[in-house]
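# Sequence unavailable; structure follows:
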């Protein structure tokens, strides 16, 4: 008889399994000198029941497509998840990694990070984001199930969320959307301990969460979160519900700590050596730090092995499906674009160059969507109640509806924040390329989820229209003067502002090919003239910036513009030519991509002449491109309510203003370069 077999045969109680989780969390936080032990201590019983009896997963294949998804929305309690990953046998999450909690390069960072630690399904920490992201995962599961059936797609999405997650405003948007769509494979385990950082939640919140969730169409229950039988029974009921489920698990933060249990003092600091020793005595855990008794570890590894047979059975089913069905399923999960897409996009760009249309870039975007929706069956669109303004719905797309998930367009309602987070969940789950629309002025509602998408490196596409004062009469509340600068400040986020229909198509192409970056397409409400006169062999937007007009005999000044202002720059160049000033014009649809180009390419585009930047937005990072002595023609404050043509005149963003700025830049350069007397 092997030692492991002998260990498994010993009596191991639920308390033993849960305490292994608790004390790994306590010990890791203590060693790091920082962290959040209270939540793992309080939710260890719930997590133990979930992972040992219900969760479908296989540590040997963390990316198995039909695994259950587990989201730790209360990401500050990360050691709960890391302990479970180690105990159940994830190869890369070793005991040594737990000992390096919160240290440089370890697999156990302060909050869970997608792509960094195997078994972490999404980056969490900003409260409420995990819950809303999980809604997107649950949507993907139902939509993939509608396409491929129970044999290939049949899993649950589980969430552990705390009071903070439910206080955040995004939670209302997310639970409302989930309830409306009847996402019955979504189960939220609420760490109902009535404690937040400041103290009792009663200091700031009197909500009845069960009533709140029920009002949004959820199945709700309240249980003792330290009673394994009650936990298991509640999860079993939730799995058979026709609605998404909330299980409020009444727990005690810092469970087992004589001096900290039930107090905010257990939340965000190590227990300390003395209190740790008292907790060991109180919970009858006479083992030194980081030691898990062999019998307990063996039982946990047995729980981790539980999903191996389910994964193998799934693989056998997949092999026995018809080749066509299997191919469609794997094509949906494949990030690469099919050959049919390449041909369709090429034909569209050729047609746009030939037709030279004068139209809003949001209208050009709709033509792109109409085209690619026919060749990308996994393209999944949506809008935050602005479909007919954003122009995000293809003619061939049918809406997703409550209990009906075969469509490919989602009406997110007025829920920009939840839409952005759900799109993250859709992308993380796999099977779809999500895009969603709103006004650029509302990017701030989406920003936290956008930032996480950039941090995780996932392909989500945000179509944000009405991109400047050019939207006109709706006024300064809707005119996004500072949003381009704010979005460009986010690392690994591609921000596109195309100048015409061809650039719009090329921007879409870049966004679809950006497998490890989210993208924002900033599109105009007003019509813009065509600037691309010939088909090019390469996608010029992919270079970030390129020369649109070059004088034959050298430059006196370089005009750099984005979006609708490129046409103004071209008109200014003509005025300057009449005055014998040689002006090159550069279109810069994506500074993020331009910054990635080789230095010699950037130098050739920018030239050595003085530069003028033109954009109907605030200055932001423009000095990086126009230089210390460059000029900027743009906004210095908020907009106003008036027709677009009037606003451009009143705010002095005109060909005449650009011409004057160019003359100043040239004169300044001549003064600087003039030899000393």
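Looks like it arrived, so ask away. From a predicted model like this one, the values you see are computed outputs, not experimental measurements.
# low-scoring pLDDT stretches of the protein, where are they?
1-10, 323, 674-677 (pLDDT under 70).
# Can you give me the neighbour number for the closest residue to residue 515 other than its chain neighbours?
In space, not counting the residues next to it along the chain, residue 515 is nearest to residue 335; the distance is 4.9 Å by C-beta to C-beta, 6 or more residues apart in numbering. Where C-beta positions appear, they are placed from N, C-alpha and C, glycine not excepted. Counted with other C-beta atoms under 10 Å, the neighbours of residue 335 add up to 13.
# any idea which helix or strand carries residue 577?
For residue 577, the host element (DSSP states H and E) is helix 565-578.
# To clarify, my last question referred to residue 437.
Assessed by DSSP H and E, residue 437 sits inside strand 433-439.
# Pairing partners for that strand, with directions?
Note on strand 433-439: by DSSP bridges, its sheet partners are strand 379-383 (parallel), strand 461-465 (parallel).
# And those strands: which comes nearest residue 127?
Of all the strands paired with strand 433-439, strand 461-465 sits nearest to residue 127, with 22.1 Å by C-beta to C-beta.
# quick one: the closest one to chain centroid distance?
Strand 461-465 has its C-alpha centroid displaced from the chain centroid by 13 Å (C-alpha atoms, centre = their mean, to the nearest Å).
# How about it, which residues are buried there?
Applying a neighbour-count criterion of 16 or more other C-beta atoms under 10 Å, one finds 461, 462, 463, 464, 465 buried in strand 461-465.
# Who is the last one paired with across the strands?
What that stands for is residue 465. Here residue 465, judged by DSSP bridges, has bridge partners residue 439, residue 523.
# Run a quick check on it versus residue 388, I expect a contact.
No: counting by C-beta atoms under 8 Å, residue 465 stays clear of residue 388, with 10.9 Å between them.
# Could you give the backbone dihedrals for residue 288?
The phi and psi values for residue 288, taken as degrees, to the nearest 10, are phi -70, psi 170.
# whoops, I mixed them up, residue 138
phi -70, psi -30.
# OK, contacts around it?
157, 178, 183, 185, 186, 244, 425 (C-beta atoms under 8 Å, 6 or more residues apart in numbering).
# now the strand holding residue 437: how far from the chain's centre is it?
Centroid separation for strand 433-439 versus its chain: 12 Å, with C-alpha atoms, centre = their mean.
# now the residue nearest to residue 515: how far from residue 596?
Going from residue 335 to residue 596 by C-beta to C-beta, to the nearest Å gives 20 Å.
# do the same with residue 477
Separation of residue 477 from residue 596 (C-beta to C-beta) stands at 35 Å.
# So between the two, which is more surrounded?
Higher neighbour count among residue 477 and residue 596: residue 596, with 14 against 9, using other C-beta under 10 Å.
# Return the residues in contact with the residue nearest to that one when sequence neighbours are not counted.
Spatial nearest neighbour of residue 596, chain neighbours left out: residue 544 (7.0 Å); criterion: C-beta to C-beta, 6+ apart. Residue 544 is in contact with 588, 589, 590, 591, 592, 593, 594, 595, 596, 597, counting by C-beta under 8 Å, 6+ apart.
# Excluding sequence neighbours, find me the nearest residue to residue 545.
Nearest non-adjacent residue to residue 545, counting by C-beta to C-beta, 6+ apart: residue 588, 3.8 Å away.
# burial count for residue 261?
Residues lying near residue 261 (other C-beta under 10 Å) number 18.
# Please look at it and residue 267 and confirm they touch.
No: when contacts are counted by C-beta under 8 Å, residue 261 is not listed as touching residue 267 (11.7 Å).
# overlap in contacts of those two?
Contact criterion C-beta under 8 Å, 6+ apart; residues shared by residue 261 and residue 267: 253, 254.
# Do you have the helices of the stretch 101-250 of the chain handy? List them.
In the stretch 101-250 of the chain, the helices defined using DSSP state H, counting those that start in this stretch lie at 129-148, 163-167, 169-181, 209-215, 228-239.
# Would you tell me which of the ones you listed gets closest to residue 521?
When these are compared (using C-beta to C-beta), the closest one is helix 129-148, at 19.7 Å.
# how far off helix 169-181 does the closest one point, in degrees?
If you take axes from the mean of the first three to the mean of the last three C-alpha atoms, to 10 degrees, helix 129-148 sits at 20 degrees to helix 169-181.
# ok, the residue most central in space within the chain to residue 29 distance?
The residue lying closest to the centre of the chain (C-alpha atoms, centre = their mean) is residue 453, at 2.8 Å. Between residue 453 and residue 29 the distance is 29 Å, computed by C-beta to C-beta.
# which residues are in contact with stretch 409-416?
By C-beta under 8 Å, 6+ apart, stretch 409-416 touches 139, 173-174, 176-177, 180, 380-385, 387, 392-394, 397-400, 418-419, 422, 436, 438, 442, 445-446.
# Pull out the buried members of those residues.
139, 173-174, 176-177, 380-385, 387, 392-394, 397, 400, 418-419, 422, 436, 438, 442, 445-446.
# mind listing the strands for the stretch 401-550 of the chain?
For the stretch 401-550 of the chain, the strands defined by DSSP state E, counting those that start in this stretch cover 409-411, 433-439, 461-465, 494-496, 519-523, 527-528, 546-549.
# among those strands, which is nearest residue 250?
Nearest of the strands of the stretch 401-550 of the chain to residue 250, taken as C-beta to C-beta: strand 409-411 at 34.7 Å.
# what about the closest one, distance to the chain center?
Centre-to-centre, strand 409-411 and its host chain are 18 Å apart (C-alpha atoms, centre = their mean).
# ok, back up a step: out of the helices of the stretch 101-250 of the chain, which one sits most buried?
Ranked by mean neighbour count under mean count of other C-beta atoms under 10 Å, the helices of the stretch 101-250 of the chain are led by helix 129-148, which reaches a mean of 26.
# hang on, the earlier thing: can you convert the strands of the stretch 401-550 of the chain into TSV and add a column each for distance to residue 368?
Below are the strands of the stretch 401-550 of the chain laid out as TSV (distance: least, C-beta to C-beta, whole Å):
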stretch	distance to residue 368
strand 409-411	15
strand 433-439	11
strand 461-465	10
strand 494-496	12
strand 519-523	9
strand 527-528	15
strand 546-549	20
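# how about the ones you listed, which one is nearest residue 215?
Of all the strands of the stretch 401-550 of the chain, it is strand 409-411 that lies closest to residue 215, at 20.2 Å by C-beta to C-beta.
# Who are the contact partners of the nearest residue to residue 451 once chain neighbours are set aside?
With C-beta to C-beta, 6+ apart as the criterion, residue 451 has its nearest non-adjacent residue at 5.7 Å, and that residue is residue 490. Contacts for residue 490 (C-beta under 8 Å, 6+ apart) come out as 447, 450, 451, 454.
# Please apply the same query to residue 115.
The contact partners of residue 115, by C-beta under 8 Å, 6+ apart, come to 456, 457.
# And it, how close does it get to residue 107?
Residue 115 is 11 Å from residue 107, by C-beta to C-beta.
# and what of residue 533?
Per C-beta to C-beta, residue 533 is found 53 Å from residue 107.
# The two - which one has more neighbours?
Neighbour count, other C-beta under 10 Å: between residue 533 and residue 107, residue 107 has more, with 22 against 9.
# For the more buried one, which residues are in contact?
Counted by C-beta under 8 Å, 6+ apart, residue 107 has contacts 82, 92, 93, 94, 97, 100, 116, 117, 118.
# Show me how to select, in PyMOL, the buried members of those.
Here is the PyMOL command that selects the buried residues among the contacts of residue 107 (16+ other C-beta under 10 Å):
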select buried, resi 82+93+97+100+117
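# so how far is the first residue of stretch 214-231 from its last?
End-to-end distance for stretch 214-231: 19 Å, by C-alpha to C-alpha, to the nearest Å.
# repeat for stretch 93-112
12 Å.
# Return the set of buried residues in it.
Those would be 93, 97-102, 106-112, for stretch 93-112 by 16+ other C-beta under 10 Å.
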